[in-house]
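A.B. asks: Just the structure for this:
(one chain, ligands or ions: 2)
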Amino acid sequence: LRGELASLRDLPATTTDGERVQLLANTGLLADISPGLANGAEGIGLYRTEMPFMISETFPSEEEQLHTYSQVLAAYRGRPVYMRTLDIGGDKPLPYFPIHEENPALGWRGIRFCLDNSSLLMTQLRAMLRAAGSGEELHILLPMVSNTGEIDAFQGLLGDALEQLAGEHVTVRRPRIGIMVEVPAAISLLPAWAGKLDFISIGSNDLSQYLLALDRNNPRVAGAYDHIHPAVLHEIARIAATAKRMQLPLSLCGEMASDPAAVVFLLGTGVRTLSMSASKLPRIKWLLRSISAAEAEQLAQQALELDNVAAIRQLLEGALQQRG
Ligand code: PEP
Ligand code: MG
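C.D. replies: Ligands and ions are numbered 1, 2, ... in the order given. Now for the predicted structure:
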């Protein structure tokens, strides 16, 4: 099987009935670049910029960030790279900027933190824009968005950054802008935001955490945390239907993208871009090449009728087992 998986690298992830799925890699470390390419990633679907911030001793300067981001974009030239703005707070602390809160998962994190510290965000934006230059690869992804004002404030800052750089005679291009759909409040607002966004990406890790009110890192309740929970599946189906109706490109970049049973469901609800750790790509490609989108759609409909994780897993995994 190992040799078979390796030879898959250059084949497209196309289902048996001809639906093409784009497979991207999640990363945050430069060390992940080569494994992504070696495993056939068609781009980077989630670059977690907090990782270079977490391994640094202080906030990295614009030049340091430029250096890092340039390497990522250069390695994936001609392919999409989704760079997420700094997503610290919650489960992602910065050693040199401790935040003490009673309820960090509901606190100062993601876009909220960045908009309150706009000079940090400005530095990061300038570094991203300079790294991308006139290339078309850069997509900027905003974490933890839950209200319209956050998108508008970000667009304002982006406009300022573009203007500043133009004033400095730096060649830059307006990047594509999207949000992580990971706070449940975002779901109902997607139709209103479609005109402001170029794409959306489902963050199924946090979306499950917030829908189920289950701390994703608390071992006491970890047994109950599952992205296959029927409530999560219903919300994902709703997001996919809205994205289709609003013609908003959709991807999913949480752990769910590499869970075979979940992938059957996602294919069946119309998700056509998945981003996951590089090592998971070959297996998921193999799965997609062995199933039809029509069959996945039927299975997804059946899954949405069920009321518990065990029954849903049995349905989806049963269908996978039949093909070995
Ligand atoms: C997510 O929340 O699903 C996600 C992809 O982001 P992170 O795991 O970095 O919070
Ligand atoms: Mg998240």
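
A.B. asks: Pick out the residue of the stretch 51-200 of the chain closest to ligand 1.
C.D. replies: E182 (4.7 Å; C-beta to the nearest ligand atom). Any C-beta I mention is one placed from the backbone N, CA and C, and that applies to glycine too.

A.B. asks: which non-adjacent residue is nearest that residue?
C.D. replies: G203 (3.3 Å; C-beta to C-beta, 6 or more residues apart in numbering).

A.B. asks: Just give me the neighbour total for the one you found.
C.D. replies: Per other C-beta atoms under 10 Å, the neighbour tally for G203 reads 28.

A.B. asks: contacting residues for it?
C.D. replies: Neighbour list for G203: P143, M180, V181, E182, C253, G254 [criterion: C-beta atoms under 8 Å, 6 or more residues apart in numbering].

A.B. asks: same deal with F97?
C.D. replies: F59, I88.

A.B. asks: how near is it to A257?
C.D. replies: 30 Å (C-beta to C-beta, to the nearest Å).

A.B. asks: ok, now I187?
C.D. replies: Distance from I187 to A257, by C-beta to C-beta: 18 Å.

A.B. asks: neighbour count winner among the two?
C.D. replies: A257 (28 against 18).

A.B. asks: Confirm that that one sits in a helix.
C.D. replies: Yes. Membership of A257 in a helix is supported by DSSP: H, G, I helix; E, B strand; the rest coil.

A.B. asks: Got the confidence number for it?
C.D. replies: According to the prediction, A257 has pLDDT 98.

A.B. asks: Settle this for me: it is touching R272, isn't it.
C.D. replies: No. At 11.9 Å, A257 does not count as touching R272 under the criterion of C-beta atoms under 8 Å.

A.B. asks: Just the element for the closest residue in space to R238 that isn't next to it in sequence, please.
C.D. replies: Closest residue to R238 apart from its sequence neighbours, by C-beta to C-beta, 6+ apart: I187 at 6.3 Å. Using DSSP states H and E, I187 maps to helix 185-193.

A.B. asks: Which strands or helices does that helix pack on?
C.D. replies: In this structure, helix 185-193 packs against helix 148-167, strand 176-181, helix 230-246, with contacts taken as 3 or more C-beta pairs under 8 Å, 6 or more residues apart in numbering; DSSP states H and E.

A.B. asks: These: which one's closest to A38?
C.D. replies: A38 sits nearest to strand 176-181 of all the helices and strands packed on helix 185-193, at 26.4 Å, using C-beta to C-beta.

A.B. asks: quick one: the closest one to helix 148-167, angle?
C.D. replies: If you take axes from the mean of the first three to the mean of the last three C-alpha atoms, to 10 degrees, strand 176-181 sits at 150 degrees to helix 148-167.
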